[in-house]
Structures are given as C-alpha cells and as structure tokens.
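1. This is a predicted model, with the sequence first.
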Amino acid sequence: MCGVIGLRCGKDREDLGAVASRLLRMLEYRGYDSTGALIQNSSGDIVLKKDVGAPTIITKKLGIDKLAGKLFCGQVRWATFGMVTKENAQPHEVRCHTHIYGAHNGNITNCDQLKVWLTREGHRVLSDNDGEMLVHTVEHFFALQLRKTSDRKAALKAAILEASRRMVGSYAAVVVDPVTHRLAAIKAGSSLYMGLGDDAKHGPFLIASSDLASVLSLTKILLPISENEFALFTHERAEFHHLRTGKAIQKEPVRSRLKVEETELKEPFQYFMQQEIFSQPDAARKVIALFLRRSPAIQAAQAFVRKHPALAKALCRALQDLAGITHAEELKTAFGRFARGAAFRQAGRLAQGEVFKGGSFESSLGSFLEELAKLAPAGSYPALKLSDGLLLLEEADDIEKRTDRFVSRLLAAHRKGGSILLIACGTSYHAAKVASVFFNKIAGLRVSAMLPGDFRAECADSLKDGDLLIGISQSGETKDLIDVINLVRAGGKKVGVLTVLNNVNSTLALEKTDLYLPLFCGPEIAVPATKSFMNQLAVLYVLALKAAERMGRRDARRRLENLLRVPALLEETLASTKDAVDQAALALYMEPSLHILATGMGGVAKEGALKVREVVLNHTEGYEGAEFKHGPNTILGVNTVFGLEAVRAILEKFAAFSGEAAKTLSARSLARLYRAVAGYAFEDLPPGDLSAAERRAFEKVFEKHDLFRSLYTNYPLLFVTGPSERDVNLTVSQINTHKIRGADIHIVAEESPALRDASAKAPPARFGEKYETVFIRLPRTDDDLLPFFTSTLVLQLLALHMSVRKLSLLDKLEIEEHGVHPDSPKNVSKSITVD
C-alpha cells in the first residue's frame, strides 16, 4: 500500500511543485491518509510539506503546487504502522548522524525493534512510522560509511546494502543524499517503476514511482527494475545493483506500450469509476477480438501479409526498431529517414480500404504511432494505420501461441489427475469463482477458486507433481499472491504457475510466472475494479472455450458465438437499465445493510457486494441464494441494524411526542422526562422522581408512540438469477420465503413474469406497509452464461449510483471524513502490496 515518488531534474524548474502535485494526485488511489512532498533546489534549499489528508486536498492546502526546485521526493500514505498523524506522514528528513531524506511504500515488519535499536544508537525518532525507521536505518549506515570514504555514491550504495540486511519486510523506497542530489530507488517486495525522459524545456530527468501511470505521464521510456534490486540515479543516469550482493546489473531502456491517455478523465464523465464502467463494451470488444483474431484491422492485415509478406515483415521490423529509440531527436531523424524510404511509401500506396482511412491506432504501440503521426509527412496516415494493423496481427499471433500453451498446460494437468487451482484476492477471486463455472459448463473441467490464505491452510502441504496454479491479478503486484507463488516454488514440487494479469511490466509477469496472459484493459484508475473484472471474465471464458474445442465438446461453437455477443450486450445493458438502476439506488443507498443473493452465480453476487461495500460503505454480503436460509436470514424482521433513515424516523417520532408533551410540561419537566426515557430505553433504569404529569407522558412514549418500532424497516434483498426455468423457480421460492419475514425484494434478471409476480405482490400485515420492490430487466440472452456479464455490469452501475447519492447527502450534512467516493473510498487501495 502507499505510493512513493522520486523525481530528479537536471536544473531548477519553476513548475516542479505543480508537477509533483499532479504526480501525487495520480497516486491517490494507493493511499490518502496523508500526503507529503519534499522539494530541493540547486542551492540545496529544502522545503518539506506534509499533513493528514488526500493529495487532491493537501497539495493545494499546503501550497506544494507553488514550489520550485530540481528534486522531488513524495509519498501518499495508507496507514499501517503508526496512526494517521502529521508526524507519521512521509517523507521523513533526518539529521542525526548525517543528513538524508526519503519515503517508502510497504511494510517494515520489525519496525518496533528498529525503533528501539535506533534510539539506543542515538537517533532522534519522532514517529511510529516504519518509513522513518527505514530512513534512519539508511542514515545510520550512510554515516558509518562516510567515516571510511569521501566517495558519497559508494557510501550510499554500501549503506543501502547494510540497511536492507537489518530491515525485515516488503517495501519499495526512495532515499536521497541532499549533498550530491543523488537518489536511491529500492525495490524489495513492493511495486516500483522507473523512467528516463527528456523535457523539451527543462532537459533530461529520471523518475521512480510506485505507479506506472505516473511515470508514463512524463515519459514512455522505462528502465526496468526487478525485485531485490536498487538503483542510484541522477537526472540522466541510473546504476542498478542487486540488493543482496551489490553486484552491478546492466539495464537497457525500453519503450512502454501503455496509453497514458487512458488515465485522464474525459467528458461527460464525473468519476473514473463511471468512465471505466462505460468503457467496458470497447474493452471487452478489444480483448475478444485479439484472442479470437476477429477485428477488421487484424483481418485486413492478414490479407496484406498473404499478398506482401516481405513488405509486411519489413514494416514491422522497422517500427519495432524505431520504438527502441529512446532519444527524441534521434527518433525524429530515424523516422524521417524511414518515412522517405521505399517500404513506407509503398505501404501508403497499398493501404486501400475503409479500415485504413480513420479511427484510432489499436496495437500496443498505438501511442507510439500517434507520436510518429505528428512527425510524419502529410498523407502518411494510411501507411501508419496499415502498420498498426500488422503490429496488431503480430500481437494476436503472440496471444494465440500463449493461449495454446496455456490451454496445453491446463489439459496436461487435467489428464494427469492434477489439481487445477485458481488463486486470487478480492475482485480477482470473484472472477476466479466465475471462471470455475465457465470451465465446468463450457469444457467440463473442474477448477477450484481459492484465496491465498485458504490455499496456504488447505493445500500448500498437499501439493503434488503435476498440479497447476493459475494466479489472477489486475496489478500483477498482489502481495498475498506473490507470497503463495514463492511458497510453492520453495516447496520443491513440480507445480506449474500460470497467471492472468493486466500489468505486463509487473513482478508477477516478469519474475514469478511460467507464462502469463494479458487482460488488455489498459490502466484502471478508480480503486474499485470494473473493466479489469469484465476483461478477466472474457479471458477466462476464452480459456474455457479453447479447452472445450481441444476436447471436442459439441457446443463449443455455440459458446464461441455467444462470446462474440458480449460487447453488444454490454452496450444494450448500459442503455436499457439506467432508469431501473437509479430507482434501485434511490431505494437502497441509505440502507445500512444489504444481501445480494444469486442463483448459480455466487461470484457475481460476491463481486456486486464488494462494489457496494467499497464505494457506498454500506454493509453488503453476496451469497449463493439458497445459503441465505441457513442462518443469515435471521437478520429479517426485527433487528438492530439501523442507519440514518432509522435515526430520522425515531427523531420524527420523538419530535411528535415532544410537541404533544410540551403542551402540558415545562422545559425542566421535559428535561427530566427525556433523561427518564433514555435511562429506561438503553440502561433498563426505572423512571425516578417524576411528577404525575411527567409519568403519564413517559408511559405514552412506549404505549401510544411506540417509539422504537419506528426504527424497524424491511430488510433489502437483491436477487440475481439467470433465465433457466430451474434457476427462476428457485429464486421465486426464495422470494416468497423471505418476503413474508420482512424483506424488500429487488431483482436483476431477464424478463420473467414469474419473477415479476413474485416480487410485485406486497406481503401481508406490517411487512407490507412500506414494502419496496424494483425489477432491473437484463437484455435477453437465451443463455446460461451471458448473464454473468450483464448482471455484473448492472451491479457495478448500482454501486456507482448509490455511491454518488450517498456522497452528495453526506457532504450536504457536512459529515467529515465519511469516506464515501466512487473513485477513492476510505481504507482501501488499488494495489495491495502489504501483508
């Protein structure tokens, strides 16, 4: 958790504070308990500003955006060690034995022991924060090394090696020597990315950050850094070393293929979560087209390759070579030479057809091609669009090979009787639950979804040769999943490890897996996962489909055609469910608790519940519908789960009673009466010295006004089901069972008279007085698996609408630190990189 940044420029920049503020805001999804920035200029002057609060607030409040300098060290905090206080905010600047400053992301688990040792060694430790312990520990050994040598770079390198041996935990850190303006970036178990750039106005710079998108916002040129490595860097050069041995490691810069433009909020959207929900049809269309080779650009490229194989190969090779050029002027010169060459000019003449005339670039080098388009001669777009299609075809070829290898490993494990385990956390775990259904129904394969903690407890000691683990992660940095893979590797069994992930530059992709498949959903900024979950479902469906085709399953063709319908179904769902979703959100957003009950779609129910918990902060549980009657149904009827609506109801009751009592009682008598009511209601204290009039009023509170009955309302249940007759009948039975015990019934399903009738009729007696029901009709699919996609989208929309409504109300009530927000709800982080 948390996020750390170090940025070194070659000279002072007046806008460095503005750049720093923007970078910190990009890291807000990683932590917003506190924010800090330290900026140093060429003269050595240092300004440290930090406080409790999110970067969107603190950067302006403290004037960070107005600072100038050439070196920036910053951090956003998601508190683990130490309370949320200004003292525990980072960066930390220390001057005990020498002078350094720095910040970290992750956990130093021997923090308390380090504090005792550091204090004993004469360090003045001001906080309980493990980040301060890290900085002091490096400072301690840096000072010792400076007694031996005047070479400050060698001293800092040795200090980092010594400090890493002293510290226990998983972390990434940036530490700065303020004398030489040299930074150290350390990757020891948490995410860290580095980039090298050349600003047109301010010259070369180097950046290290916990967040890849923040690096890409400044440069597309990355310097890969792996786990257990550190880099010593200035504005134009970085030296990499192994964190255990200090051995030098050679690194070559590489060009990122991600589009940083996808990290910007665009009109008409107000929230990233909203933008990412509405981007899902296109994201699903892209990933399905790549895995199934179905896009027009790919098909046009295939036709071109058949006619002009040598030219196609030359174009791709030339563009790959150009993408490897990291200096702007060198790239400009090289591309000019290429654009004037025979191959590019011939490509322009041959690029005929609508597919080459417009639209955005689709390949992973799309953002690079956009750069080239700005440098290209007039009329070059068709040649660039053709080149993009050829690159996309190469990617589709690579995906096809990866998918074939993936499915081969999966089927080999199945044939040998090995266990196939899907390991994931949070939203990715819910995708794994859905994948278990896909593999069962499409391919007839049994795969089991497990949380890392359950895996360690239930499976780690019983693994056998031939078993297969499939890890699923959006970030590729999920600490619990990395720990499980490390555990399996250390166990000595011949267990395969495959992964499905979004960040192909991550620790899991580069260091921990035998083979990975990418999700191709692009950066996801909002903390709640939406489009990454949808793409996980699409990719996992493809894997089940490919396995079914290999096994000769008869309905594989039908399953394929259904998958191709998904993008259009998502578009139809967005268009057709808006009003019903908003109606349901109005009914549910202030309910303190909710159960989502699914029939045969438990993973969807759990994911929908997580979305509501994350962004609305209402207690929500997702269950397989039939399980609700095995205990959880005790919440129906009279319970003690009260929210703001219940508070308002009891206040209205009390106001009515008070108005009546005030006609006959004095203010002093009313005060005694209120104390008596509170004492009796909450502490079972009999009313004390009340007058006869006061006693009569007291008795009316509980007899006439029935004060506490106003607290009780029907409990909301949201049912999700597919269209099969069996599932509908089971859901109808559950609706009738729970409605008469005090439940409001809301439904997400395809059109069904049976479901409508079951939910529409209010229950008898008091449970029917305020009965509410909403039916959210899904597009018709005539399929048992497609509703997993459409119902997921509806639950995401519902959580978004509920969050926006509740956020507006709580802000209006001026309730501080309520934490409700669609993009950055309190206490959670996008990438979980701590234990």
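-> Received the coordinates, thanks.
2. Verify the stated contact: T263 with L212.
-> No. Shown here, T263 and L212 do not form a contact pair, counting by C-beta atoms under 8 Å, at 9.7 Å. (Glycine included, C-beta is placed from N, CA and C.)
3. Compare these two (neighbour count), which wins?
-> L212 (24 against 19; other C-beta atoms under 10 Å).
4. Nearest spatial neighbour of the more buried one, chain-adjacent residues omitted?
-> Among residues not flanking L212 along the chain, Y193 sits closest, at 4.8 Å (C-beta to C-beta, 6 or more residues apart in numbering).
5. May I ask you to confirm that the one you found is in contact with L206?
-> No. In this structure, Y193 is not within contact of L206 by C-beta under 8 Å, at 11.7 Å.
6. Tell me which residues touch A431, please.
-> Listed by C-beta atoms under 8 Å, 6 or more residues apart in numbering, the contact partners of A431 are 424, 472, 533, 536-537, 540, 603, 607.
7. For it, pull up the helix or strand it's in.
-> Assigned by DSSP states H and E, A431 belongs to helix 426-438.
8. What of L206?
-> strand 203-209.
9. Same question for the helix or strand just after that strand: list its buried residues.
-> For strand 203-209, the following helix or strand on the C-terminal side (DSSP H and E) is helix 212-216. Buried residues in helix 212-216, defined by neighbour count with 16 or more other C-beta atoms under 10 Å: 212-216.
10. Touching helix 212-216 from outside, list them.
-> So helix 212-216 is contacted by 5, 23, 26-27, 193-195, 207, 209, 222, 256, 258, 260, 263, 503, 505, 523, 525 (C-beta under 8 Å, 6+ apart).
11. go on, stretch 524-532?
-> If you take C-beta under 8 Å, 6+ apart as the criterion, stretch 524-532 is touched by 29, 213, 263, 271-273, 276-277, 279-280, 283, 426-428, 474, 502, 519, 521-522, 610-611, 614-615, 796, 799, 822-825, 828-830.
12. For L265, give its distance to L67.
-> 25 Å (C-beta to C-beta, to the nearest Å).
13. residue furthest from the geometric center of this structure?
-> A692 (62.7 Å; C-alpha atoms, centre = their mean).
14. quick one, helices of the stretch 651-800 of the chain?
-> Residue ranges of the helices in the stretch 651-800 of the chain, as given by DSSP state H, counting those that start in this stretch, are 667-683, 692-703, 725-739, 753-760, 786-812.
15. now for the longest one, which elements pack on it?
-> In other words, helix 786-812. helix 272-278, helix 531-550, helix 566-576, helix 578-588, helix 602-616, strand 715-721, strand 743-750, strand 773-778 (3 or more C-beta pairs under 8 Å, 6 or more residues apart in numbering; DSSP states H and E).
16. So the closest residue to L795 other than its chain neighbours versus F788, what's the distance?
-> Using C-beta to C-beta, 6+ apart and skipping the chain neighbours, the partner closest in space to L795 is G608 (3.2 Å). G608 sits 11 Å away from F788, taking C-beta to C-beta as the criterion.
17. buried stuff in the strand holding L206?
-> Buried, per 16+ other C-beta under 10 Å, within strand 203-209: 204-209.
18. for those residues, which one is nearest H99?
-> Nearest to H99 among the buried residues of strand 203-209, counting by C-beta to C-beta, is A208 at 20.5 Å.
19. Is the closest one in contact with Y193, as I believe?
-> Yes. Using C-beta under 8 Å, A208 is in contact with Y193, at 7.2 Å.
20. Please enumerate the shared neighbours of the two.
-> Counting by C-beta under 8 Å, 6+ apart, the residues touching both A208 and Y193 are I225.
21. before we move on, the earlier item: just the closest of the buried residues of helix 212-216 to L510, please.
-> Distances from L510 to the buried residues of helix 212-216, taken by C-beta to C-beta, are shortest for L212, at 12.4 Å.
22. Distance of L216 relative to A556?
-> With the distance defined as C-beta to C-beta, L216 ends up 39 Å from A556.
23. again with P716
-> P716 is 40 Å from A556, by C-beta to C-beta.
24. And the strands in the stretch 51-200 of the chain?
-> Using DSSP state E, counting those that start in this stretch, the strands of the stretch 51-200 of the chain run over 69-77, 92-94, 100-108, 169-177, 182-188, 193-199.
25. how about these, which one is nearest N129?
-> Ranked by C-beta to C-beta, the member of these that lies closest to N129 is strand 92-94, at 7.3 Å.
26. what does the closest one contact?
-> The contact list for strand 92-94 (C-beta under 8 Å, 6+ apart) reads 38, 46, 48, 99-103, 123-124, 127, 129, 131-132, 135-136, 139.
27. Recalculate using a threshold of 7 Å.
-> Outside strand 92-94, the residues that touch it by C-beta atoms under 7 Å, 6 or more residues apart in numbering are 38, 46, 48, 100-103, 131-132, 135-136, 139.
28. and what of stretch 656-676?
-> So stretch 656-676 is in contact with 687-688, 690-691, 693-694, 697-698, 701, 705, going by C-beta under 7 Å, 6+ apart.
29. G131 reaches N105, doesn't it?
-> No. Judged on C-beta atoms under 7 Å, G131 makes no contact with N105 at a distance of 8.6 Å.
30. Now the residue nearest to Y771 when sequence neighbours are not counted: phi and psi?
-> Spatial nearest neighbour of Y771, excluding adjacent residues (C-beta to C-beta, 6+ apart): A762 at 4.1 Å. Phi and psi for A762, reported as degrees, to the nearest 10, are phi -70, psi 150.
31. filter the contacts of stretch 524-532 to the buried ones?
-> Going by neighbour count (16+ other C-beta under 10 Å), these have 29, 213, 263, 271-273, 276-277, 279-280, 283, 426-428, 474, 502, 519, 521-522, 610-611, 614-615, 796, 799, 822-825, 828-830 buried.
32. circling back: between P716 and A556, who's got more neighbours?
-> A direct count of neighbours by other C-beta under 10 Å for P716 and A556 places P716 higher, at 23 against 19.
33. can you pull up the bridge partners for that one?
-> D744 (DSSP bridges).
34. would you turn the strands of the stretch 51-200 of the chain into TSV with mean pLDDT and distance to G444?
-> As requested, those are exported to TSV (pLDDT from 0 to 100; distance: least, C-beta to C-beta, whole Å):
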stretch	mean pLDDT	distance to G444
strand 69-77	97	47
strand 92-94	98	57
strand 100-108	94	43
strand 169-177	95	40
strand 182-188	97	43
strand 193-199	93	41
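35. got these as JSON lines, with mean neighbour count and distance to G637 columns?
-> Shown next, in JSON lines, are these (neighbours: other C-beta atoms under 10 Å; distance: least, C-beta to C-beta, whole Å):
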{"stretch": "strand 69-77", "mean neighbour count": "28", "distance to G637": "43"}
{"stretch": "strand 92-94", "mean neighbour count": "23", "distance to G637": "54"}
{"stretch": "strand 100-108", "mean neighbour count": "28", "distance to G637": "44"}
{"stretch": "strand 169-177", "mean neighbour count": "26", "distance to G637": "47"}
{"stretch": "strand 182-188", "mean neighbour count": "25", "distance to G637": "53"}
{"stretch": "strand 193-199", "mean neighbour count": "21", "distance to G637": "53"}
